[in-house]
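Colleague: Sharing a model that was predicted from the sequence below.
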Amino acid sequence: MPRPSPLQVSYSGTAYEEITLTPRTPHSRSGRAEEGFSSSGFSQYDDDEPQSSAEPLLSSSEEKQHAPNNVFASGPVVFWSVVASMLLCLAGISFQWPGTLEYYMGITPFGSETTTTATTSVVNSTLIISYENYTTFPLTSEQYVAECYAMTKGFMTMEKYWEPHGGMGVMDVPHVDDKEVCSSTITYMLDGARGLFADLALMAQAAALAREHGRTFLVDDTYWNRGKWTDHFKSVRITQPGPEPNCKPPPPEEYVACPRLARHWVITSKTAKFHFGHMFRETYEDPYKHNTERLKPIFDHAALSISKTIQPSDSIARLISLARTELPSFYVAAHIRRGDRTPGAYEYRGSYVPLPDFANMLSDAEAPVAFLASDSPKALAELSEMMAKRVYSLPHSKHAELRALASPQEYFQATFASLDEETRIRATKGMVVDFALLTGLWAGDADIFVEKLVCTMSSVICKMAAAALGWEKAFGEMDYQGEINREEMVWVDIDEKGKVIPQWTGYDTF
């Protein structure tokens, strides 16, 4: 039987006729064994990568070097994958914290309706602050504190100062859409719970935030126990008109104490602790400075507000000018705080700074006249007798209307409200006049120079007096560590004596 001939395989292709097959060994896989593997080499020679049936199983290193890079070919897939991931994240944020995206995009949330007539805005129900249990507006300071505790759950998170609390959207009350009402405001509400300058120090920071963020600044004196704001100071609508000078104040039903991002934010002496604490200082202190010098931005807030925004009314300004006619333009000054404010320094624990310490500090100055102010008639009289210099104070004035402004008794916040209204208003006017003479503030074109001002840091009047004097005059030229120059300083903290860092603070929270 004849033997069958072997199978004959023929092909017509010529694409691989001239190719020399190279075996795949550990040293020939890349065709550049002496150069080692690169990141691109691995992507080009991945063992798991499927080969096209149109390619040979083995190819030369030269051909591989000329193959296109497939990373760029997958670019559109990567791009759209990233876009899809971002959209998924945004959808999750919108579901978890409704209103957050709308806030950052500056658009009206879905469901809000505005018309040319006054209507009530409909906001996302999860972000509504309800005042349905209240019948009187504005709320009291205590009620605003309760609302803040309800929102913060009793603790403050460490988010950035101007970001929504806890990553939520911006919570707010429903608003009446009236185009004549200011679009955004910060209101300081005087509640009568603290002393005059404790309020003014906090108000100064609030006014600065309004300037910074283009919000209209307002003062509410509904619950104040010192008369009306304009009994003592000019309207802030005149001194700080803001971006909408003729807009109407919002209805008090729309005041919100927390969060501060609400459209109409209200601050009181009792809610200040939620806003002027650690995160405020972290945001507004200068991180590139040391010690007291870190606080210069906060100092500048106070200095500008107390000189420009907070200005005496015309009737008080007249009294200040009248008192200045009895004082030379060059003098020293001291404020003696008694009553319910004792020094924080350990050496004076439970007592007051002795009056001879004030007398000795003032005796070194060149000025021939000393202006003295105190809440205590007794302390004022005793220090006046110790002074070698000629003394001037409101009780020493030759004008009866100035003598009537002298403090009638030591100041205790707990009993101040029990005084009759006329006495409270008169004492407040006297304190404004005293402050102007202590610091030389609101002098207009008059050339006033206070050579030295002695006071105790336990008094907020002392803190604000430094701001009224100005940074360089109050503290002298600071060293590289941000320490006050105690040889050049005009403002003298006789109780702490620079032993506490920072050596100055701008306000108290309660």
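Modeller: Perfect, thanks for sending it.
Colleague: just checking, residue 352 touches residue 338?
Modeller: Yes - counting by CB atoms under 8 Å, residue 352 does reach residue 338; the two are 6.0 Å apart. Any C-beta I mention is one placed from the backbone N, CA and C, and that applies to glycine too.
Colleague: Strands along the chain, start to end?
Modeller: In the chain, the segments counted as strands under DSSP state E are 119-120, 176-177, 185-189, 216-220, 264-267, 330-336, 369-374, 390-392, 449-455, 491-493.
Colleague: Have a look at residue 352 and residue 338 and say which one is more surrounded.
Modeller: residue 338 (22 against 19; other CB atoms under 10 Å).
Colleague: closest to residue 313 out of the strands of the chain?
Modeller: strand 216-220 (12.7 Å; CB to CB).
Colleague: Tell me the gap between that closest one and the middle of its chain.
Modeller: How far strand 216-220 lies from its chain's middle: 17 Å, per CA atoms, centre = their mean, to the nearest Å.
Colleague: what is the orientation angle of that strand with strand 185-189?
Modeller: Inter-element angle recorded for strand 216-220 and strand 185-189: 20 degrees (by axes from the mean of the first three to the mean of the last three CA atoms, to 10 degrees).
Colleague: List the strands paired with strand 216-220, with their directions.
Modeller: Next to strand 216-220 in the sheet, as set by DSSP bridges, lie strand 185-189 (parallel).
Colleague: Not counting the partner strand itself, show me its contacts.
Modeller: Residues outside strand 185-189 that contact it (CB atoms under 8 Å, 6 or more residues apart in numbering) are 138, 141, 144, 199, 202-203, 206-207, 209-210, 213, 215-220, 222-223, 249-250, 255, 263-268.
Colleague: Where does pLDDT dip in this protein?
Modeller: Residue ranges of the chain with pLDDT under 70: 1-75, 93-124, 154-157, 165-167.
Colleague: send the alpha carbons of the longest helix anywhere in it over as CSV?
Modeller: In the chain, with assignment by DSSP state H, the single longest helix is helix 75-96. The C-alpha coordinates for helix 75-96 follow below in CSV (Å, rounded to 0.1, in the frame of the first residue of the first chain):
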residue,chain,number,x,y,z
GLY,A,75,-7.6,58.9,28.0
PRO,A,76,-11.3,59.4,27.3
VAL,A,77,-12.3,56.5,29.5
VAL,A,78,-10.3,57.8,32.4
PHE,A,79,-11.7,61.3,32.0
TRP,A,80,-15.3,60.3,31.9
SER,A,81,-14.7,57.9,34.8
VAL,A,82,-13.4,60.9,36.9
VAL,A,83,-16.4,63.0,35.8
ALA,A,84,-18.8,60.3,36.8
SER,A,85,-17.2,59.9,40.2
MET,A,86,-17.4,63.6,40.8
LEU,A,87,-21.1,63.7,39.9
LEU,A,88,-21.7,60.8,42.2
CYS,A,89,-20.0,62.6,45.1
LEU,A,90,-22.0,65.8,44.4
ALA,A,91,-25.2,63.8,44.3
GLY,A,92,-24.3,62.2,47.7
ILE,A,93,-23.6,65.6,49.2
SER,A,94,-26.8,67.0,47.9
PHE,A,95,-28.8,64.1,49.4
GLN,A,96,-27.0,64.0,52.7
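Colleague: Does residue 264 have any beta-bridge partners, and if so which?
Modeller: In this entry, residue 264 is beta-bridged to residue 185, by DSSP bridges.
Colleague: And it, how close does it get to residue 374?
Modeller: Separation of residue 264 from residue 374 (CB to CB, to the nearest Å): 39 Å.
Colleague: Pick out whichever of those two has more residues nearby.
Modeller: residue 374 (28 against 25).
Colleague: pretty sure the more buried one is touching residue 341, no?
Modeller: No - between residue 374 and residue 341 there is no contact under CB under 8 Å: 11.7 Å.
Colleague: which ones are touching the residue nearest the centre of the chain?
Modeller: Taking CA atoms, centre = their mean, the centroid of the chain lies closest to residue 280, which sits 4.3 Å from it. Neighbouring residues of residue 280 by CB under 8 Å, 6+ apart: 161, 205.
Colleague: what's the answer for the one 3 residues further on, then?
Modeller: The contact partners of residue 283, by CB under 8 Å, 6+ apart, come to 160-162.
Colleague: Going by neighbour count, which of those comes out on top?
Modeller: So for the contacts of residue 283 (other CB under 10 Å), the most neighbours sit at residue 161, 15 neighbours.
Colleague: now that one, nearest residue through space, not along the chain?
Modeller: Leaving aside its chain neighbours, residue 161 sits nearest to residue 283 (4.1 Å; criterion: CB to CB, 6 or more residues apart in numbering).
Colleague: Quick check: the gap between the one you found and residue 490.
Modeller: 29 Å.
Colleague: burial count for residue 429?
Modeller: Neighbour count of residue 429, defined by other CB under 10 Å: 22.
Colleague: That one touches residue 316, doesn't it?
Modeller: Yes - at 6.1 Å, residue 429 counts as touching residue 316 under the criterion of CB under 8 Å.
Colleague: Residues that sit against both of those two, list them.
Modeller: In terms of CB under 8 Å, 6+ apart, residue 429 and residue 316 are both contacted by the residues residue 232.
Colleague: which phi and psi does residue 329 have?
Modeller: Here is the backbone geometry of residue 329 (degrees, to the nearest 10): phi -80, psi -10.
Colleague: ok, it - contacts?
Modeller: Taking CB under 8 Å, 6+ apart, one finds 446-449 in contact with residue 329.
Colleague: Neighbour-wise, which one of those leads?
Modeller: residue 448 (18 neighbours).
Colleague: Tell me how far the closest residue to it other than its chain neighbours lies from residue 126.
Modeller: Spatial nearest neighbour of residue 448, excluding adjacent residues (CB to CB, 6+ apart): residue 440 at 3.7 Å. Using CB to CB, residue 440 is found at 53 Å from residue 126.
Colleague: now residue 377
Modeller: Separation of residue 377 from residue 126 (CB to CB): 57 Å.
Colleague: next one: residue 280
Modeller: Distance from residue 280 to residue 126, by CB to CB: 27 Å.
Colleague: Same check on residue 396?
Modeller: Taking CB to CB, one finds residue 396 at 63 Å from residue 126.
Colleague: for the nearest residue to residue 305 once chain neighbours are set aside, what are its contacts?
Modeller: With CB to CB, 6+ apart as the criterion, residue 305 has its nearest non-adjacent residue at 3.6 Å, and that residue is residue 204. Contact analysis of residue 204 by CB under 8 Å, 6+ apart lists 301-302, 305-306, 309-310, 464, 467, 506-507.
Colleague: Recalculate using a threshold of 6 Å.
Modeller: By CB atoms under 6 Å, 6 or more residues apart in numbering, the contact list for residue 204 reads 302, 305-306.
Colleague: and these, which are buried?
Modeller: Neighbour counting with 16 or more other CB atoms under 10 Å marks 302, 305-306 as buried within the contacts of residue 204.
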